[in-house]
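> quick one: sequence plus predicted model below, questions after.
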Amino acid sequence: MTKASEYVVQGVFVGRATARWPGRPPSAIHKSAVDAPQSLGLHGFENDQQADLAVHGGAEKAVHHYAGDHYAAWQAEGLMKPGTHPAAFGENISTVGLVEEDVCIGDIFRLGRALVQVSQGRQPCWKLNAHTGHDNMAYQFQKTRRTGWYYRVLEVGKVAVGDQISLIERPQPKWSVAEVTHLRLTKRVSPADAAVLGDMPELATGWRTAFARMADGTLDEDTSKRLGF
């Protein structure tokens, strides 16, 4: 990974939970761009919200970062309309030049005045399907590995469009977000690698537990409800 260590925040997005789909739980996947500096706390941006804290948000998933680079590919593949811009997938932060292959689990970044650490990739769910109008969007996220990643917040602070995001430390250089997310979502991982990931302190607790169960063969996981709408 020889990419540059500094990037620019191209977009900051926040949203509130609303009832979007009849018979379904509320969602805050719809985000809007904000220009003013935003206060980033331990559980996310002050003006942002997560509807279902059992599976979204919390300290391990305080901020979702998605590469603006991917939008051109989604549009070329016909899964997004021409002109679709960042925040269409419910992300909080958008940059250009930094993608899943360039980021590792445990990476520590200076994000504006805050300090954040990569905790896990995104595990897409049915809300992506409903929000984008494509019944297989969550599956396509998994297939393409264009999932984005989550941060935990190590130091709170303000973040604004135009701020730099700079790599400070990389404790797990062998484990990119792209690779770890692929292994987590497909479960195609060797017992040895699963054991390593199950014991990785920088990885989010839920993912560590899942990999530990993959290592000993006890993970029984039905993804149909998560991926389907």
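Arrived safely.
> C-alpha only now, for contacts and for neighbours.
Fine.
> contact partners for Ala17?
Shown in contact with Ala17 (Cα atoms under 8 Å, 6 or more residues apart in numbering): Pro26, Ser27, Ala28, Ile29, Gln49, Gln50, Ala51.
> okay, stretch 13-23 in PDB with CA atoms only?
Coordinates of the C-alpha atoms in stretch 13-23 are reproduced here as PDB (Å, rounded to 0.1, in the frame of the first residue of the first chain):
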ATOM      1  CA  PHE A  13     -23.500  13.900   5.700                       C
ATOM      2  CA  VAL A  14     -26.000  13.500   8.500                       C
ATOM      3  CA  GLY A  15     -29.600  12.400   8.800                       C
ATOM      4  CA  ARG A  16     -32.500  11.700  11.200                       C
ATOM      5  CA  ALA A  17     -34.500   8.500  11.500                       C
ATOM      6  CA  THR A  18     -37.900   8.600   9.700                       C
ATOM      7  CA  ALA A  19     -40.600   6.000   8.700                       C
ATOM      8  CA  ARG A  20     -39.700   5.200   5.100                       C
ATOM      9  CA  TRP A  21     -41.400   2.000   4.200                       C
ATOM     10  CA  PRO A  22     -44.800   0.600   5.400                       C
ATOM     11  CA  GLY A  23     -44.400  -2.300   7.800                       C
END
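> return the set of buried residues in that stretch.
Within stretch 13-23, the residues that count as buried by 16 or more other Cα atoms under 10 Å are Phe13, Val14, Gly15, Arg16, Ala17, Arg20.
> Gly11: neighbouring residues, count only.
Using other Cα atoms under 10 Å, Gly11 is surrounded by 24 other residues.
> that one is in contact with Glu91, isn't it?
No: with contact defined as Cα atoms under 8 Å, Gly11 does not reach Glu91; the gap is 9.4 Å.
> about what we covered before: now, which of the contacts of Ala17 lie within helices?
Among the contacts of Ala17, none falls in helices (DSSP state H).
> if I look at Val103, how far off is His64?
13 Å (Cα to Cα, to the nearest Å).
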